[in-house]
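> have a look at this fold, sequence not included:
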């Protein structure tokens, strides 16, 4: 079996001291690793019909767009506040120190759309929970929250445990 872990680089003290960052750029730089990873992410979905794939800024965009293409679904970006050009809905969420917010275009998801939420890493779960709230405010049905990596020791899955959560790698 292909070992995805070999393509995940650990970066100490990034973006701040004490954080061990999981860098996926070596995986993205290798076409065979990227292809294998996409295939594995598709298997997590188990052939469920998907209307929209929502990717969270920014590293969630890489595989979310590929997943959308393979699933013949639309791609929807969720971005940090002030980055989307059209009318948006905003959802604040708590950070370790303070608050932040993410946004989605108000017309990105239609009532009843079956949605796959994808991001590269599930860490504390704050961003994923905020993204789920935005999707549901627009009437979307979250079929699955799909991640390349879950940092289980941070317990982020507890914040979104009412949804189906799937990850390729768990640390």
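Looks like it came in fine. None of the values given here were measured: they were computed from a predicted structure. Numbers count the residues shown, from 1 in each chain.

> where do the helices of this structure begin and end?
25-29, 31-45, 60-71, 126-137 (DSSP state H).

> number of residues surrounding residue 64?
Neighbours of residue 64 under the rule other Cβ atoms under 10 Å: 27. Backbone N, C-alpha and C define where each C-beta goes, glycine included.

> nope, residue 91 is what I was after
Counted with other Cβ under 10 Å, residue 91 comes out at 21.

> how much space between the residue nearest in space to the middle of the chain and residue 87?
Among the residues of the chain, the one closest to the centroid is residue 119, at 1.5 Å (Cα atoms, centre = their mean). As judged by Cβ to Cβ, to the nearest Å, residue 119 and residue 87 stand 24 Å apart.

> also residue 14?
Applying Cβ to Cβ to residue 14 and residue 87 gives a distance of 35 Å.

> same question for residue 146.
With distances taken as Cβ to Cβ, residue 146 is found 27 Å from residue 87.

> give me the more crowded residue out of these two.
More crowded of residue 146 and residue 87, by other Cβ under 10 Å: residue 146, with 25 against 9.

> now that one, nearest residue through space, not along the chain?
residue 118 (4.8 Å; Cβ to Cβ, 6 or more residues apart in numbering).

> in contact with the one you found, which residues?
When contacts are counted by Cβ atoms under 8 Å, 6 or more residues apart in numbering, residue 118 touches 41, 53-56, 60, 63-64, 67, 145-147.

> hmm, 6 Å instead?
53, 55, 60, 63-64, 67, 146 (Cβ atoms under 6 Å, 6 or more residues apart in numbering).

> likewise residue 16?
Counting by Cβ under 6 Å, 6+ apart, residue 16 has no contacts.

> torsion angles phi and psi at it?
Note on residue 16: backbone dihedrals following degrees, to the nearest 10 are phi -150, psi 160.

> quick one: it from residue 24, how far?
Computed as Cβ to Cβ, the residue 16 to residue 24 distance reads 19 Å.
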